[in-house]
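*Asks:* Structure here, sequence nowhere to be found:
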């Protein structure tokens, strides 16, 4: 029995949107998939701390990969890539408006627009692209950030989660390799850095950073950070009144949803897309089930990690297949409450939490520290 003519539009081409597109194209050859993304390239943000701190660690084409090339294996009538920024969703008309293209009709829509960080979006200073910028400017953003870090003699990093700790370690390790000295201060609002880990993991990370010359300030918040327009120096004011003058301030906290185009009725109070256990978008009003799904960081599931986005992608693809075909078991998503991560502190060690235990530094080096998983970038975009 031939498949019905069905159009699936996916907004966002990262760890959720790309595998959903591949999955549908593989299992539903009669379905037309349209993938919308502001940039023609996929950015591998897992390696961002090393990319930014060590410009020579990787070549550009290792972490910025062309998206459309990986879909050339499918028939042209089955797949379309649109480079552009989604500006509106009309639920009743079932259309997505793309700024550069116009309206695109859909039978089913997948919102996978992801999130970004305050540092990536900051307009009053050099952006630090820890995630995709939601624009076609990643290469310039990365080069500007690299230049800013490599010329700074004093750096304050706000936030001691994985990104902050990894970045501090990479900068501290890179400086002597580059023949320069840099004073790095890591500010943590909590009583220990990496508070999502067991105390042993936090202690190990702090000891490694201290041995590299990083100053760690705990139970301290950044109240404000202002850059002087002439000298370009930063004045970082802490909650107890202390002021630090630095060449560079890098915030690593705060995750912001890429939701500017999404109707308010589909968002919770913090701006994340409301989904049910099948990752179908619910909205705030009672209504018939919407032909809209969401996956990845943009959803109101709180664990915004790349492997969680990939887990959600598999759920959405399976449920879309069942809905389009009219048969098949639907799957549910439960993010769980267990944290699993490895956090390199430089290239020779690190810490983390794997199945409830703290890994040895040598294991962190082997798993992630040696190359920040950069070898996984191409498989991620090729869905292999």
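*Replies:* Alright, I've got the coordinates. Predicted model only: the values in this text are computed from it and were never measured.

*Asks:* buried stuff in stretch 367-381?
*Replies:* Across stretch 367-381, burial judged by 16 or more other CB atoms under 10 Å covers 367, 368, 369, 371, 372, 373, 374, 377, 380, 381. C-betas here are computed from N, CA, C, even on glycine.

*Asks:* Wait, the fifth one touches residue 46, no?
*Replies:* Yes. Contact between residue 372 and residue 46 holds when scored by CB atoms under 8 Å: they sit 6.2 Å apart.

*Asks:* Provide a list of residues in contact with the nearest residue to residue 217 once chain neighbours are set aside.
*Replies:* Closest residue in space to residue 217, ignoring its immediate chain neighbours: residue 187 at 5.0 Å, by CB to CB, 6 or more residues apart in numbering. Shown in contact with residue 187 (CB atoms under 8 Å, 6 or more residues apart in numbering): 156, 157, 158, 159, 160, 217, 220, 221, 222, 236, 238.

*Asks:* Would you list the buried entries among these?
*Replies:* Buried members of those, counted by 16+ other CB under 10 Å: 156, 157, 158, 159, 160, 217, 220, 221, 222, 236, 238.

*Asks:* Distance check, the last one against residue 251.
*Replies:* The reference is to residue 238. Counting by CB to CB, to the nearest Å, the separation of residue 238 from residue 251 is 13 Å.

*Asks:* overlap in contacts of the two?
*Replies:* Listed as contacting both residue 238 and residue 251 by CB under 8 Å, 6+ apart are residue 222.

*Asks:* Identify all contacting residues around stretch 41-49.
*Replies:* Contacts of stretch 41-49 (CB under 8 Å, 6+ apart): 13-14, 18, 58, 62-67, 129-132, 138, 163, 166-167, 169-170, 306, 371-374, 376-377, 380-381.

*Asks:* try it again with 7 Å
*Replies:* 13-14, 18, 58, 63-67, 129-132, 138, 163, 166-167, 170, 306, 372-374, 377, 381 (CB atoms under 7 Å, 6 or more residues apart in numbering).

*Asks:* Just the endpoints, please. Distance across it?
*Replies:* 19 Å (CA to CA, to the nearest Å).

*Asks:* And the average pLDDT for that stretch is what?
*Replies:* Mean pLDDT, stretch 41-49: 97.

*Asks:* Residue 17 is in contact with residue 112, correct?
*Replies:* Yes. Contact criterion CB atoms under 7 Å: residue 112 and residue 17 qualify, at 3.6 Å.

*Asks:* which residues do those two both contact?
*Replies:* Residues touching both residue 112 and residue 17 (CB under 7 Å, 6+ apart) are residue 10.

*Asks:* For the two, work out which one has more neighbours and name it.
*Replies:* residue 112 (32 against 28; other CB atoms under 10 Å).
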